[in-house]
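K.L.:
Prediction below, plus the sequence it came from.
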Amino acid sequence: MEWITKLWKKNPADRAEAKGSAELAGPAKSQLAQVTQAVTLEMDIAPNDPFLAYILNSPGVVEIEKIKLDSPALQKLKEAGIRLSVPLVSQGELIGLLNLGPRLSEADYSSDDIRLLGNLATQAAPALRVAQLARQQQIEAAQRERFEQELRVARVIQQTLLPKQVPDLPGWKMAAYWQPARAVSGDFYDFITLPDGKIAIIVGDVTDKGVPAALVMATTRSVLRSVVERHTDPGEVLGTANNLLCQDMPPKMFVTCLYALLDPVSGVVRYANAGHNVPYRRTAEGIQEMRARGMPLGLMPDMPYEEKQVELMPGENVVLYSDGLVEAHNTQGEMFGFPRLQELLGVQKCGDELISCMVDELAAFTGPGWDQEDDVTFVTLERAAAPDVQVLAEFDIPSQPGNERQALEQVAAVAATVQLPAARMERLKTAVGEATMNAMEHGNQYNPERSVHIRVLHSSERLAVEVTDHGAGQHIATAVEPDLDAKLAGLQSPRGWGLFLIKNMVDEMNVREDAEHHTLELVFHLTGGVQ
């Protein structure tokens, strides 16, 4: 019985790609079909098998019975009854064997048979190699498509972790921009609205790019959000997050992060920096750096984070950004750099559209066809320019019982210049008197060395009175409606009406606090409002 056998090398990919017969063409195929029966025998040939070296160095037809080698592959061929083996070689690489067993006539193979087999091998080897390469390209294309689809899904998932929109705060303009260098990003930003009305603003950058950075980014965001639920002080937030991230941070990776806490009423921004780019503050005097010391997150546990604060005045803004902006290069290899960013922020051409201006400037610098090197992220925070506000009066009242009368009379005299209706004037006097008395008693503890500072402001739309004491970190309670029945029954103190009364006397009551002061802002709208 005669055999045509294909034997494949040890590479499983090659073997899988070349499944199926290498067909013979023309008279040769017809001639062999009359005297042989085709059988497929799959076999691995180890790279160190001496038979492999033998057939690579023995061109042409090989007579199996004449070979004496300690070879597992050769032994298997002999056991299968193979008499002749013809290597199929393409570009010096063995891609298969054409093997034949005994002739059906039991006669020996002739020189014509051997010549025919050599010609067949010459034709079959390139054809088989082309088939293998085509199959390999199909497999690789399918793998690339799967990978690209997975990256598209990963990007969609990552985008869901970013804020859907920026906070809408009266008197403030906030904007954000995020552009990954690859399908997924190590950059992130976040806004968290706290129960007291303050806004936590976070910008972070994970070392490296791509999928590993994106996974660390998602973890860091989750850790920071969980920490903010328990702590709000910027230094404490970064310190706690750092200790949590150090436990599981992959080797040679870390996160730079800027955490800022905005009080939208006072304009105070408290911040801490974990090795991130220094934010810039644009003021009337020029560009200022907001520096604070701290190590990146995930490097070393128990690291301290310096905490700073600034008060944004109307018309001022702050820019937070990742290094993908300043480290971008143009076609000449020049880097965008910090000086260029400072110069850009200092010019007036950007106006209110600061982010679009920075994006346009970056595009003009890098030129068309820019191969983005790193993720680019911006967050901008701007306090809206003040309307036509005028300070009508500003004075101090000594913290002594009864001086609230002096405060309300001085405020009433000033308010008379804006022709406040009589009913609203009475409400104003009641609110100012109650607020001043609370400030002297609770804020200043009736300490004669501490005065209550009062400021009266006026614009075309509002009249505002600011009452400031030296409460030094004491939290102002929320204005809660008192339980009248409990007070009349003696179950509660007859005191405690103050904030509730004030809130119902004015159109707006705003509270601001810092490390040294409390400020109660009493607002009357000059059009509409409480009558």
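P.N.:
That came through, no problem.

K.L.:
CA only for contacts and neighbour counts going forward, please
P.N.:
Will do.

K.L.:
what are the phi and psi angles of the residue nearest to residue 336 when sequence neighbours are not counted?
P.N.:
Of all residues not flanking residue 336 in the chain, residue 326 sits nearest, at 5.0 Å (C-alpha to C-alpha, 6 or more residues apart in numbering). Main-chain dihedrals, residue 326, degrees, to the nearest 10: phi -70, psi -20.

K.L.:
any idea whether residue 117 is helix, strand or coil?
P.N.:
Classification of residue 117 using DSSP: H, G, I helix; E, B strand; the rest coil returns helix.

K.L.:
separation between it and residue 60?
P.N.:
The spacing between residue 117 and residue 60, counted by C-alpha to C-alpha, to the nearest Å, is 9 Å.

K.L.:
Residue 145 looks like it's in a helix, true?
P.N.:
Yes. With three-state DSSP as the criterion, residue 145 is part of a helix.

K.L.:
how many other residues sit next to it?
P.N.:
Neighbourhood size, residue 145 [other C-alpha atoms under 10 Å]: 12.

K.L.:
try residue 284
P.N.:
Using other C-alpha under 10 Å: residue 284 sits among 9 other residues.

K.L.:
In this structure it contacts residue 316, no?
P.N.:
Yes. Residue 284 is within contact range of residue 316, at 7.5 Å (criterion: C-alpha atoms under 8 Å).

K.L.:
before we move on, what SS does the spatially most central residue of the chain have?
P.N.:
The centre of the chain sits closest to residue 188, judged by C-alpha atoms, centre = their mean, with a distance of 2.2 Å. Under three-state DSSP, the three-state class of residue 188 is strand.

K.L.:
what helix or strand is the closest residue in space to it that isn't next to it in sequence on?
P.N.:
When the adjacent residues along the chain are set aside, residue 188 lies closest to residue 204, with 5.3 Å between them (C-alpha to C-alpha, 6+ apart). Using DSSP states H and E, residue 204 falls within strand 199-206.

K.L.:
Tell me where the model's unsure across the stretch 51-200 of the chain.
P.N.:
147-159, 183-184 (pLDDT under 70).

K.L.:
quick revisit: just checking, what packs against the strand holding residue 204?
P.N.:
strand 187-193, helix 210-228, strand 255-262 (3 or more C-alpha pairs under 8 Å, 6 or more residues apart in numbering; DSSP states H and E).

K.L.:
before we move on, back to that, okay, now the residue nearest to residue 336: neighbour count?
P.N.:
Residue 326 has 18 nearby residues by other C-alpha under 10 Å.

K.L.:
Which residues are in contact with it?
P.N.:
By C-alpha atoms under 8 Å, 6 or more residues apart in numbering, the contact list for residue 326 reads 335, 336, 337, 338, 341.

K.L.:
which of those residues has the most neighbours?
P.N.:
Going by other C-alpha under 10 Å, residue 336 tops these with 19 neighbours.

K.L.:
unless I'm mixing things up, that residue is touching residue 324, no?
P.N.:
No. Taking contacts as C-alpha under 8 Å, residue 336 lies outside contact range of residue 324: 9.6 Å.

K.L.:
Quick check, residue 397 in contact with residue 405.
P.N.:
No. Using C-alpha under 8 Å, residue 397 is not in contact with residue 405, being 10.1 Å away.

K.L.:
so how many other residues sit close to the closest residue to residue 191 other than its chain neighbours?
P.N.:
Distance criterion C-alpha to C-alpha, 6+ apart; nearest residue to residue 191, sequence neighbours excluded, is residue 201 at 4.9 Å. Neighbour count of residue 201, defined by other C-alpha under 10 Å: 20.

K.L.:
Next, give phi and psi for the closest residue to residue 220 other than its chain neighbours.
P.N.:
Distances taken as C-alpha to C-alpha, 6+ apart place residue 245 nearest to residue 220, at 7.2 Å, with adjacent residues excluded. Per-residue torsions, residue 245: phi -70, psi -30 (degrees, to the nearest 10).

K.L.:
Kindly report the same for residue 404.
P.N.:
Here is the backbone geometry of residue 404 (degrees, to the nearest 10): phi -60, psi -30.

K.L.:
and it, what is it in contact with?
P.N.:
432, 433, 434, 436, 437.

K.L.:
and it, how far is that from residue 398?
P.N.:
For residue 404, the distance to residue 398 equals 9 Å [C-alpha to C-alpha].

K.L.:
Of the contacts of residue 326, which is the nearest to residue 423?
P.N.:
residue 341 (53.9 Å; C-alpha to C-alpha).

K.L.:
could you say what helices and strands the host helix or strand of that closest one packs with?
P.N.:
Using DSSP H and E, residue 341 sits within helix 338-346. The contact analysis (3+ C-alpha pairs under 8 Å, 6+ apart) places helix 338-346 against strand 280-283, strand 286-289.

K.L.:
I'd like to know which of the ones you listed is closest to residue 160.
P.N.:
Across the helices and strands packed on helix 338-346, closest to residue 160 is strand 280-283 (C-alpha to C-alpha), at 28.1 Å.

K.L.:
for that closest one, packing partners?
P.N.:
Checking 3+ C-alpha pairs under 8 Å, 6+ apart, strand 280-283 ends up next to strand 286-289, strand 317-321, helix 338-346.

K.L.:
Deepest in the core, which of these is it.
P.N.:
strand 317-321 (a mean of 23; mean count of other C-alpha atoms under 10 Å).

K.L.:
sorry, back to before: can you state the direction angle for the strand holding residue 204 and helix 210-228?
P.N.:
150 degrees (axes from the mean of the first three to the mean of the last three C-alpha atoms, to 10 degrees).

K.L.:
Need the residues that contact strand 199-206.
P.N.:
186-194, 213-214, 216-217, 253-264, 276, 320-322, 379.

K.L.:
For the residue nearest to residue 188, name its beta-bridge partners.
P.N.:
Judged by DSSP bridges, the bridge partners of residue 204 are residue 188, residue 257.

K.L.:
do the same with residue 308
P.N.:
Under DSSP bridges, the residues paired with residue 308 across the bridge are residue 271.

K.L.:
Start the count at 32 instead of 1 going forward.
P.N.:
Will do, 32 is the new start, and the previous item becomes residue 339.

K.L.:
Residue 348 bridge partners, please.
P.N.:
For residue 348, the beta-bridge partners under DSSP bridges are residue 313, residue 413.

K.L.:
Next up, the contacts around it.
P.N.:
Contacts of residue 348 (C-alpha under 8 Å, 6+ apart): 312, 313, 314, 411, 412, 413, 414.

K.L.:
returning to what we had before: wait, which of the contacts of residue 357 is closest to residue 488?
P.N.:
Looking across these and measuring by C-alpha to C-alpha, the closest to residue 488 is residue 372, at 36.7 Å.

K.L.:
where along the stretch 32-181 of the chain do the strands fall?
P.N.:
34-38, 68-69, 93-94, 115-121, 124-131 (DSSP state E, counting those that start in this stretch).

K.L.:
buried stuff in the last one?
P.N.:
Same thing as strand 124-131. Across strand 124-131, burial judged by 16 or more other C-alpha atoms under 10 Å covers 125, 126, 127, 128, 129, 130, 131.

K.L.:
Cool, thanks, talk later.
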